[in-house]
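In: structure for the following, please:
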Amino acid sequence: MIKIGCCGYPVNRKRYQDAFSLIELNSTFYGYPKLPTVIRWREEAGEGFEFTVKAHQDISHKHRLKFDHAREPFERMKEICRTLNAKMLLVQTAASFKPDSINEAETFFGKINRQGLTLVWETRGPLWEKIDIREKLRAVLERLDVTHVTDPFKVMPVYTGQTAYFRLHGLGERMYYYQYTNEELRKLYDLVKPLDIADRNVYVFFNNLSMFDDAKRFLSFIKHSCFPLLTGAKGLDSVRVMVSKAKFPTTNSALIRKSGWRLTELEDGRQVKLEELLKDLPQRTYRSVDELLKDLTQTVEDTR
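Out: This next block holds a predicted model:
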């Protein structure tokens, strides 16, 4: 089964839980919530809602997987997981945690008392993507049964076990500032679908600024083999929905900085970044949405 959710709540809990049955709880990376709070989260979510949990930075960043120091915060995280009925704990090491520290990781994952908890590890940084390092990492993770967490658009995991776990951070120049096109979401499905085999669950978590909408669109594609409109409209009407959230007066360069990475849908169904429509407009101050759309009319026509 392919399960879909977001890394943290991008909208209020009620709205999110109406749309999804899965969340990666991220607030636990920054602080240890009190157990009464965790109990309330579990009760409010409902029986069919699933949590995965991101391990506190004490484990991954402060103690850098040194077993003697990381054991106590790990026990605290395990208690949170038990309270949430969470089966998986994500450990995300810092980009400064290089492959030469893999022995520390091997000791930590090998000695820690999991008590049935599935551990998944997100390595970060290009050094982990070298062929020889990937083979060494695969051997360690397979021996310890720890799932390798990756962004499938960048690199596939070296080991998954019974659980495949993906985190998508966007493909733009600025991390997180990204919205996936329909074609990219189709490619995502092609990448993860082969791992959806008997007795294995595939978890796909979006972690970009448009994560809520992108995750909903991906879920719709898996369920219905089609995508909803990005904004519920096409062409200039789609642009209107996008820019109506901006504070006017504003300039086109300011709109590009703030929202240029977002997608708009043209009449023929093509999706383009808002920046592509705004970049050729004259540098001026727009007093209203209608004033901006008037200048954009010809630009949209030219893209057909």
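In: can you count the residues close to residue 247?
Out: 7 (other CB atoms under 10 Å). (C-beta placed from N, C-alpha, C; glycine too.)
In: and it, which of the three is it?
Out: Here residue 247 is coil, with the state taken from DSSP: H, G, I helix; E, B strand; the rest coil.
In: quick one: pLDDT of it?
Out: With respect to pLDDT, residue 247 scores 93.
In: distance check, residue 161 against residue 45.
Out: According to CB to CB, to the nearest Å, residue 161 and residue 45 sit 26 Å apart.
In: same question, residue 23
Out: 8 Å.
In: these two: which has the busier surroundings?
Out: Per other CB under 10 Å, whichever of residue 23 and residue 45 has more neighbours is residue 23, with 24 against 18.
In: quick check: the more buried one is in a strand.
Out: Yes - counting by three-state DSSP, residue 23 is found in a strand.
In: how about the nearest residue to it, chain neighbours excluded?
Out: Excluding the flanking residues, the one nearest residue 23 by CB to CB, 6 or more residues apart in numbering is residue 5, at 5.2 Å.
In: which of the three states applies to that neighbour?
Out: If you use three-state DSSP, then residue 5 falls in the strand class.
In: residue 145 contacts residue 161, doesn't it?
Out: Yes - at 5.2 Å, residue 145 counts as touching residue 161 under the criterion of CB atoms under 8 Å.
In: looking at the two, which is more packed in?
Out: Set side by side, residue 145 and residue 161 show more neighbours around residue 161, with 18 against 14, by other CB under 10 Å.
In: which elements pack onto the helix or strand of the chain with the lowest mean pLDDT?
Out: Between all helices and strands in the chain, the lowest mean by mean pLDDT, DSSP states H and E belongs to helix 289-302, at a mean of 82. In terms of contacts (3 or more CB pairs under 8 Å, 6 or more residues apart in numbering; DSSP states H and E), helix 289-302 is packed against helix 235-243, helix 274-278.
In: give the pairing partners of the next helix or strand along the chain from the first one; include direction for each.
Out: Past helix 235-243, heading to the C-terminal end, the next element that is a helix or strand (DSSP states H and E) is strand 250-251. Strand pairing for strand 250-251, using DSSP bridges, gives strand 285-286 (antiparallel).
In: what about the strand it pairs with, distance to the chain center?
Out: Put simply, strand 285-286 sits 34 Å off its chain's centre (CA atoms, centre = their mean, to the nearest Å).
In: which residues are in contact with that strand?
Out: 248, 249, 250, 251, 252, 292, 295 (CB atoms under 8 Å, 6 or more residues apart in numbering).
In: residues near residue 20, how many?
Out: With other CB under 10 Å as criterion, residue 20 counts 18.
In: can you name the residues that contact it?
Out: Residues in contact with residue 20 (CB under 8 Å, 6+ apart) are 4, 5, 6, 215, 219.
In: can you rerun that using 7 Å?
Out: 4, 5, 215 (CB atoms under 7 Å, 6 or more residues apart in numbering).
In: helices of the stretch 101-250 of the chain, start to end?
Out: Counting by DSSP state H, counting those that start in this stretch, the stretch 101-250 of the chain has these helices, from start to end: 102-111, 131-144, 182-192, 211-224, 235-243.
In: and the ones you listed, which one is worst for confidence?
Out: When the helices of the stretch 101-250 of the chain are ranked by mean pLDDT, helix 235-243 comes last with a mean of 91.
In: now it against helix 289-302, angle please.
Out: 130 degrees (axes from the mean of the first three to the mean of the last three CA atoms, to 10 degrees).
In: what are the contacting residues of helix 235-243?
Out: Contact with helix 235-243 is made by 230-233, 255, 259, 262, 264-267, 274, 277, 289, 292-293, 296-297, 300, as judged by CB under 7 Å, 6+ apart.
In: could you list the buried residues of that helix?
Out: The neighbour-count check on helix 235-243 (16 or more other CB atoms under 10 Å) flags 235, 236, 237, 238, 239, 240, 241, 242, 243 as buried.
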